[in-house]
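Visitor: Sequence and predicted model, in that order:
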Amino acid sequence: MEDPADDAALDVAAMSSDAAAPVPAPAASQVPAPAAPHTPAATGDGSARSGTARRIPARPGDASAVLALQMYRSLPKYVAARTMGRRMPGILTGPAAPLRLVTEERRRLPEGAGWARLAPRLAGISGSDLAAVTGSAGLYFTALVSLPFVPGHEVVGDLTTDCEDLPAGTRVVLDSVLGCAARGVDPCRGCAAGANHRCDHVTVGHLSPGLQTGFCADTGGGWSTEMLAHRSQLHPVPDRFDDSVAVLIEPLARAIHAAHRAQVRSGDHVVVSGAGTLGLFITLALRQLSAASTITVIAKHPRQAELASAFGATDIFGPDDAFRGVRRSTKAFQLKPDHGRHYLLGGADIAIDAVGSAGSVNTVLRSTKPGGRVVLAGLPAGSVDLSPLWFRELELAGSYASPAEGDDGSSLFDLAFELAATVDLSTVLGARYSLRRWRQALDHAQTAGKSGTVKVAFDLTGER
Ligand SMILES: [Zn+2]
């Protein structure tokens, strides 16, 4: 059953042009008549909550209304989430949560060619989504997002309007990066080279700032019944893939990129720290696409260990045994400083962080051999000790999103589809929730590993 408390909390937050963004008025045909007597209410600072918003129930079937889970600015709540979100599971979905379920008027299509409407079927809850809503992503990103935004960048859905060569009705997955093509500006150096994930223009053009869909006020996101997407972001889904697999293609493309960033040479020993969706998919990509000989995965939970093994891990250790395990197989020395965790002299050729926590990043830095390579694929949170980077002369590489093209010019999403066809991914998506059960969904996603679930997603098909 739906939680009636959630229904009662529905806010009207009409995304009028003065509230949503500097989107110029489009042709009348692109904007259906606004629904009923919505009171434009939401503003960038979340003041809608303080009194001007009208509370009315969502009206399923109202073609001009969009049901969306919205993150809005509320500094005290944001700070509360930052200080408590990670230590107190559950607080995120309590009164301190910077989220609310709203009905919005449909967004106007941005200026420029290539924009279309998309009705999400499934939208995953990722680690970076959780980092954003708990505030653990840090203040660095505040200049790269525009509030209020609708999270959700792991999306499979149906186009409801034509999008250049893709007719309405096409089932697509989303490459979430909002690069120069989507923003209607001349390509920056990154975009010109096919590396749109390195775009320098993510705050300009005819969209509000937003490094990617799911963090931009103008596009909406997957945690809703309708969002906007640009042709440069869309990849049609071959019929052989179920929605439950298609929704994993975006994180799979990210994992392939992380495996590429690792620059594995034949015979290398690679450590992967973390066995959530990202760590498991990096393991799969390393096994299928690289010449790594040993892939050591650090997994907290039994189900994660099972899947890591199925996806190609050579050996698997819990966080407490990780140094001992890597030391044994690399014949490294293990040292214990006066304070803090162990570290190795010697170690793996390459270590990849797929978590982003300080503990995980410290672990990969401390288990890599001199001159080795460390890849940060998780969204970093917390401070780390860089002593090993200096003393061991490590190479440190970031891995963010995925480029449109790999080094050989091929599409990383095409490669992700190919990889998805080689293994059984049917059990990765472990739970689906309606938007109205968002509190339960986020709680579940935050504790997914412990409960034996890998990926949690919103199912929008029942909301249409
Ligand atoms: Zn660009």
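Guide: In hand now; what should we look at? Numbering: from 1, shown residues only.
Visitor: Name the SS class of the most far-flung residue of the chain relative to its centre, please.
Guide: For the chain, the largest distance from the centre (C-alpha atoms, centre = their mean) belongs to residue 338, which lies 37.6 Å off. Secondary structure state of residue 338, per DSSP: H, G, I helix; E, B strand; the rest coil, is coil.
Visitor: Look at it and report its pLDDT.
Guide: Per-residue pLDDT puts residue 338 at 94.
Visitor: Likewise for residue 66?
Guide: pLDDT, residue 66: 96.
Visitor: For this structure, what lies in contact range of the ion?
Guide: 179, 180, 188, 191, 199, 201 (C-beta under 5 Å from the ion). Yep, even glycine has a C-beta here, placed from its N, CA and C like the rest.
Visitor: And stretch 377-389, what's buried?
Guide: Buried residues in stretch 377-389, defined by neighbour count with 16 or more other C-beta atoms under 10 Å: 377, 378, 379, 380, 381, 384, 388.
Visitor: Now for these: which two are most distant?
Guide: 379 and 388 (21.0 Å; C-beta to C-beta).
Visitor: Let's see if you can find the most crowded of the residues of the chain next to the ion.
Guide: The member of the residues of the chain next to the ion that has the most neighbours, counting by other C-beta atoms under 10 Å, is residue 179 with 29 neighbours.
Visitor: OK, contacts around that one?
Guide: Going by C-beta atoms under 8 Å, 6 or more residues apart in numbering, residue 179 touches 187, 188, 190, 191, 196, 197, 199, 201, 202, 232.
Visitor: Could you tell me how far it is located from residue 457?
Guide: Separation of residue 179 from residue 457 (C-beta to C-beta, to the nearest Å): 25 Å.
Visitor: what sits against the residue lying closest to residue 125 once chain neighbours are set aside?
Guide: Excluding the flanking residues, the one nearest residue 125 by C-beta to C-beta, 6 or more residues apart in numbering is residue 445, at 4.1 Å. Residue 445 makes contact with 125, 129, 130, 456, according to C-beta under 8 Å, 6+ apart.
Visitor: so of those residues, which ones are in strands?
Guide: Using DSSP state E, the members of the contacts of residue 445 that fall in strands are residue 456.
Visitor: So which of the contacts of residue 445 is surrounded by the most neighbours?
Guide: Neighbour-wise, the contacts of residue 445 (other C-beta under 10 Å) top out at residue 125, 27 neighbours.
Visitor: just checking, that residue touches residue 454?
Guide: No. Applying C-beta atoms under 8 Å as the test, residue 125 and residue 454 come out as separate, 11.2 Å apart.
Visitor: Can you name the residue of the stretch 301-450 of the chain nearest to the ion?
Guide: For the stretch 301-450 of the chain, the residue closest to the ion is residue 404, as judged by C-beta to the ion, at 10.7 Å.
Visitor: Phi first, then psi, for that residue.
Guide: Phi and psi for residue 404, reported as degrees, to the nearest 10, are phi -60, psi -30.
Visitor: what about residue 335, neighbour count?
Guide: Counted with other C-beta under 10 Å, residue 335 comes out at 11.
Visitor: mind listing what it touches?
Guide: 342, 343, 344, 345.
Visitor: Return the per-residue confidence for the closest residue to the second one other than its chain neighbours.
Guide: Spelled out, it's residue 343. The shortest distance from residue 343 to any non-neighbouring residue, by C-beta to C-beta, 6+ apart, is to residue 366 (3.7 Å). For residue 366, the model assigns a pLDDT of 97.
Visitor: got it, and residue 139?
Guide: On pLDDT, residue 139 comes in at 80.
Visitor: Tell me, how many residues neighbour it?
Guide: So residue 139, with other C-beta under 10 Å, has 9 neighbours.
Visitor: Confirm residue 449 sits in a helix?
Guide: No. Counting by three-state DSSP, residue 449 is not part of a helix but coil.
Visitor: Check the burial of the closest residue to it other than its chain neighbours by counting its neighbours.
Guide: For residue 449, ignoring the flanking residues on the chain, the nearest one in space by C-beta to C-beta, 6+ apart is residue 301 at 4.5 Å. Other residues within reach of residue 301, judged by other C-beta under 10 Å, total 18.
Visitor: could you pull out the strands for the stretch 351-464 of the chain?
Guide: 368-376, 395-398, 429-433, 455-459 (DSSP state E, counting those that start in this stretch).
Visitor: same deal with the stretch 151-300 of the chain?
Guide: Going by DSSP E, counting those that start in this stretch, the stretch 151-300 of the chain shows strands at 155-159, 171-174, 227-230, 234-236, 269-273, 294-298.
Visitor: Deepest in the core, which of those is it.
Guide: Highest mean neighbour count among the strands of the stretch 151-300 of the chain (mean count of other C-beta atoms under 10 Å): strand 269-273, with a mean of 29.
Visitor: Rounded mean pLDDT for that strand, please.
Guide: Mean predicted lDDT for strand 269-273 stands at 98.
Visitor: just checking, what packs against that strand?
Guide: Packing partners of strand 269-273 (3 or more C-beta pairs under 8 Å, 6 or more residues apart in numbering; DSSP states H and E): helix 277-289, strand 294-298, helix 322-330, strand 348-353, helix 358-366.
Visitor: For the shortest one, name the packing helices and strands.
Guide: Applying 3+ C-beta pairs under 8 Å, 6+ apart, we find strand 294-298 packed against strand 269-273, helix 277-289, strand 315-317, helix 322-330.
Visitor: so of those, which one's packed in deepest?
Guide: The most buried stretch of these, if neighbours are counted by mean count of other C-beta under 10 Å, is strand 269-273, with a mean of 29.
Visitor: Let me see the contact set for residue 229.
Guide: Counting by C-beta under 8 Å, 6+ apart, residue 229 has contacts 115, 116, 117, 118, 163, 172, 174, 213, 219.
Visitor: Each with direction, which strands does the one helix or strand the third one maps to pair with?
Guide: Pointing back at residue 117 there. Per DSSP states H and E: residue 117 is located in strand 115-124. Sheet pairing of strand 115-124 (DSSP bridges) gives strand 155-159 (antiparallel), strand 227-230 (antiparallel), strand 455-459 (antiparallel).
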